[in-house]
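1. Show me the folded form of this:
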Amino acid sequence: MRTNTQVIQETQVNTGYETSKFALATGITMAALVGIWAVACMISALLHSGGIGGVVQGFITAVTGV
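-> Model prediction:
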């Protein structure tokens, strides 16, 4: 004869810790994506403006308006 035994197991989860871990991972991922996008934009600016001199000149013109 077999006896069925029911085992009850409780698991406690610290939801604050799990939420913080998720938020940190999301923040790091977003920061990495923004950094990659910034590098891509800088490379594009260098290729389309004729070098670093053109980028600096364009930046100064954008800031000063002259």
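2. From here on, just use CA atoms for contacts and neighbour counts.
-> Will do.
3. Which secondary structure state is assigned to the spatially most central residue of the chain?
-> Computing the C-alpha centroid of the chain and ranking residues by Cα atoms, centre = their mean puts residue 30 first, at 1.8 Å. Three-state assignment for residue 30 (DSSP: H, G, I helix; E, B strand; the rest coil): helix.
4. could you give the mean pLDDT of stretch 42-61?
-> Averaged over stretch 42-61, pLDDT sits at 88.
5. Dump that stretch to PDB, keeping only the CA atoms.
-> In PDB, the C-alpha atoms belonging to stretch 42-61 read as follows (Å, rounded to 0.1, in the frame of the first residue of the first chain):
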ATOM      1  CA  MET A  42      30.200  60.900 -32.600                       C
ATOM      2  CA  ILE A  43      31.500  58.600 -35.300                       C
ATOM      3  CA  SER A  44      28.800  59.800 -37.700                       C
ATOM      4  CA  ALA A  45      29.700  63.400 -36.900                       C
ATOM      5  CA  LEU A  46      33.300  62.800 -37.600                       C
ATOM      6  CA  LEU A  47      32.600  61.100 -40.900                       C
ATOM      7  CA  HIS A  48      30.100  63.700 -42.200                       C
ATOM      8  CA  SER A  49      31.900  66.900 -41.100                       C
ATOM      9  CA  GLY A  50      35.400  66.100 -42.500                       C
ATOM     10  CA  GLY A  51      37.200  65.300 -39.200                       C
ATOM     11  CA  ILE A  52      37.600  66.500 -35.700                       C
ATOM     12  CA  GLY A  53      38.100  70.200 -36.800                       C
ATOM     13  CA  GLY A  54      34.700  70.300 -38.400                       C
ATOM     14  CA  VAL A  55      33.100  68.800 -35.300                       C
ATOM     15  CA  VAL A  56      34.700  71.300 -33.000                       C
ATOM     16  CA  GLN A  57      33.800  74.200 -35.400                       C
ATOM     17  CA  GLY A  58      30.200  73.000 -35.600                       C
ATOM     18  CA  PHE A  59      30.000  72.600 -31.800                       C
ATOM     19  CA  ILE A  60      31.400  76.200 -31.200                       C
ATOM     20  CA  THR A  61      29.000  77.500 -33.900                       C
END
